[in-house]
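*Asks:* would you be able to build a 3D model of this:
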Amino acid sequence: MGHCVESPSQHSSVRRSRYWRLGIVGHGRYGQVYCAVDRQTGQLVAIKQLNQQNSLDRPELPELRWLLGLQHPNILACQAIEPTAAGQQLILEYCEGGTLRNLMASPVRLTRADIVPLVSDVLAGLAYVHQRGIVHCDVKPENILLRYCGDRWVAKLSDFGLAQPKQVRTPGSLVQVGSPPYAAPERFYQQALAASDLYSVGILLYELLLGHRPFSGTADQLRKAHLSQPVPLPATLPDSAQIILRTALEKQPGHRYESAEAMRLALRELDLPAVVNPEPGRVVETTPFCQLKAPIHALATQSQSLRIPGPTTIQSEPANDWIYQVSRQQLWACRNRADSSAEWISLTTLPAAVTELQPVPQGCCVLTARSLHVITPQNPTRPSQVAQFAEPHRLAVAPSGNWFAALAQSQLQISRLFDPQGQLFVSAKARFRRSIAITPSTVRQIIGIDSRHVLIMSDRGAETHLQLLTRRGQYLSEWQLPLPLHQLTPTATPYRWLALDMAAPETAVLIDFKPYRLIRLQLEIAPHLITTFPWGYGFADTQGQMQLLDRDFCPVGTIQLPGRPSAIASTNAHAHEIWVATWSDDRGSLFAIDLRQLDLNLVL
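*Replies:* As a prediction, this is how the structure comes out:
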């Protein structure tokens, strides 16, 4: 999934490290931060690498040693401080949600249900450290990490690089502070008070509510604003929000909340306006491509150009895409011709219901619980059976099309599919079979993440368990996601997958596997179908409402499909086109929809 950044030429102590680094996830004040796998446990950790110049032995960094003694649900856990050939490293709890800044910078809509718990988490963490005589001194969105727990993000305070013992002394001379946009007035005079952290939380809350900070400008302009300028509080803010902000952002520390816990209690009274329901989508008016005689539960298209990994492209006879549709065990095909009526060809009746149609560079794979078939551009109406099983299996095909995986009774089998020249192994022989520790009845999906790795997704009650293995069956890592996922779907971005959250109907989840990260998308509908495009994502509910987002999660628009969708597919040749099969009251239609003809915020 991700290559190890450790090289054989490095010091022997690094080669024998118990941590396999997957990639850089950030840059801290004193070094880079990596996502890594603990080779002994398979669990993910974050590693903050400190170079020799930023060693923990330096007198200005003793506060980092406090981390080992801090244990609180809203404080980032530090598991160890270890020496390395390059300096020292902190082994930290891994937070798959990234920073609060990432969340604030995304188009994800934050409501009171999001804001109040997140800020309350920060205040709970501050109350804990303040009781131990520590002032964080650098509370800002970049230093607040997110983990998903239960049904929401949980905030964890991190980066104690500027933390100081709580001070009660006369102000000193003016100094520069680490983060002027969030610094309390007294911080510019070398004071570190518990109230200083509460002021920073006030700035954070202001930004969450209004989308910007109260003061901006250079470091000197920010210092003057914090010291003397009144905080602008728009009249549009509810009275409860104005009272909380006015108290937290008092210039004098003694006029602020007396403690983090007092501010946390006051936050419960925050009253925010309800989210306005979105307007219904524009109705798509189009003529059906054809009428259907049975409900369709899977659609796929295949281009006549065969693209295999490498420089070679095999072009068959000039024609438009073929469309494939599945009604339980029956596979049908039709050529997408603009100059003739649709003529459907019944290709085959499969030994079991189709679970997935998966396009690969060499063709289209048809997966059932008992067999695997492949349709190639050279033979678009003649599926080739590659494998057949006597008992039900879970199947996955690598995105490259080079191999497929089959799982049954805790036995994982990897077999060849296409050779490097794009030729099909019609009689696939297993490259290996290996027993793995998994309960077959809980497996929901197995997925070929890339050309080298297999992911097994299992149910664990209200949680989702992910196991990552190499295509040779070597166990690499596992993750326990505290939310029930289904319909894990690849996107146009490498190592990024999309899924639906069964516990939160109006939520989708983006999962990055390199490095591992979760992004929750709050939708305007409760989707039951997903489709992806080179430019973004599409979600459709059972009533035909479809919401479109671009790759940066910005809304593209909402449309009303011409019926209740049973299957949706994007095309591999035209980024602007989607195919929609509908079914209602024993009647159905297939539509080809050109998104360019609609009033959407779409740039192709």
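*Asks:* helix or strand with the lowest mean pLDDT in this structure?
*Replies:* Every helix and strand of the chain was ranked by mean pLDDT, DSSP states H and E. The lowest is strand 313-315, at a mean of 40.
*Asks:* right, and the helix or strand after that strand?
*Replies:* Following strand 313-315 in sequence order, the next helix or strand is strand 322-327 (DSSP states H and E).
*Asks:* please identify the helix or strand for residue 203.
*Replies:* Assessed by DSSP H and E, residue 203 sits inside helix 194-210.
*Asks:* to clarify, my last question referred to residue 220.
*Replies:* Taking DSSP H and E as the criterion, residue 220 maps to helix 219-228.
*Asks:* tell me the angle of that helix relative to helix 194-210?
*Replies:* In terms of direction (axes from the mean of the first three to the mean of the last three C-alpha atoms, to 10 degrees), helix 219-228 departs from helix 194-210 by 110 degrees.
*Asks:* report the rounded mean pLDDT for helix 219-228.
*Replies:* For helix 219-228, the mean pLDDT works out to 94.
*Asks:* cool, stretch 123-135 as well?
*Replies:* Throughout stretch 123-135, pLDDT has a mean value of 95.
*Asks:* buried set for it?
*Replies:* By neighbour count on 16 or more other C-beta atoms under 10 Å, the buried set for stretch 123-135 is 123, 124, 125, 126, 127, 128, 129, 130, 134, 135. Every residue, glycine included, has its C-beta placed from N, CA and C.
*Asks:* repeat that for stretch 592-604.
*Replies:* 592, 593, 595, 598, 600, 602.
*Asks:* over to stretch 219-239?
*Replies:* Across stretch 219-239, burial judged by 16+ other C-beta under 10 Å covers 222, 223, 225, 226, 231, 233, 237.
*Asks:* hmm, residue 145 and residue 95 touching each other?
*Replies:* Yes - in this structure, residue 95 is within contact of residue 145 by C-beta atoms under 8 Å, at 3.8 Å.
*Asks:* overlap in contacts, these two.
*Replies:* 76, 156 (C-beta atoms under 8 Å, 6 or more residues apart in numbering).
*Asks:* where does pLDDT dip in the stretch 1-150 of the chain?
*Replies:* 1-16, 28-30, 51-67, 150 (pLDDT under 70).
*Asks:* so where do the helices sit in it?
*Replies:* Taking DSSP state H, counting those that start in this stretch, the helices of the stretch 1-150 of the chain run over residues 12-15, 100-105, 112-131.
*Asks:* most tightly surrounded among those?
*Replies:* helix 112-131 (a mean of 20; mean count of other C-beta atoms under 10 Å).
*Asks:* got the angle between that one and helix 194-210?
*Replies:* Per the same axes, to 10 degrees, the angle that helix 112-131 makes with helix 194-210 is 170 degrees.
*Asks:* tell me which residues are up against helix 112-131.
*Replies:* By C-beta under 8 Å, 6+ apart, the list of residues contacting helix 112-131 reads 70, 72-75, 100, 135-136, 139, 144, 152-157, 163, 166, 194, 197-198, 201, 204-205, 208-209, 259-261, 263-264, 267-268, 270-272.
*Asks:* what pairs with residue 408 across the strands?
*Replies:* Beta bridges link residue 408 to residue 411, judged by DSSP bridges.
*Asks:* how many residues are close by it?
*Replies:* Neighbouring residues of residue 408 were enumerated by other C-beta atoms under 10 Å; the total is 18.
*Asks:* quick one: it from residue 116, how far?
*Replies:* 47 Å (C-beta to C-beta, to the nearest Å).
*Asks:* how far away is the closest residue to residue 426 other than its chain neighbours from residue 363?
*Replies:* With sequence-adjacent residues excluded and distances taken as C-beta to C-beta, 6 or more residues apart in numbering, residue 426 is closest to residue 384, at 5.5 Å. Noted for residue 384: a distance of 9 Å to residue 363, by C-beta to C-beta.
*Asks:* what do you get for residue 326?
*Replies:* Per C-beta to C-beta, residue 326 is found 16 Å from residue 363.
*Asks:* likewise for residue 108?
*Replies:* 37 Å.
*Asks:* for those two, indicate the residue with more neighbours.
*Replies:* More crowded of residue 108 and residue 363, by other C-beta under 10 Å: residue 363, with 25 against 14.
*Asks:* list the beta-bridge partners for the more buried one.
*Replies:* Beta-bridge partners of residue 363, counted by DSSP bridges, are residue 360.
*Asks:* quick check, it in contact with residue 302.
*Replies:* Yes - between residue 363 and residue 302 there is a contact under C-beta under 8 Å: 6.4 Å.
*Asks:* joint contacts of these two?
*Replies:* Residues touching both residue 363 and residue 302 (C-beta under 8 Å, 6+ apart): 375, 377.
*Asks:* which residue ranges of the stretch 501-604 of the chain form strands?
*Replies:* Ranges of strands within the stretch 501-604 of the chain are 507-513, 516-522, 529-533, 536-540, 545-550, 555-560, 565-570, 577-584, 587-594, based on DSSP state E, counting those that start in this stretch.
*Asks:* quick one on the thing from earlier: what's the overlap in contacts for residue 384 and residue 363?
*Replies:* If you check residue 384 and residue 363 against C-beta under 8 Å, 6+ apart, the residues they both contact are 374, 375, 376, 424.
*Asks:* identify the farthest-apart pair in the residues you listed.
*Replies:* Using C-beta to C-beta, those reach their maximum pairwise distance at 375 and 424, which is 10.2 Å.
*Asks:* which ones are touching residue 419?
*Replies:* 402, 425.
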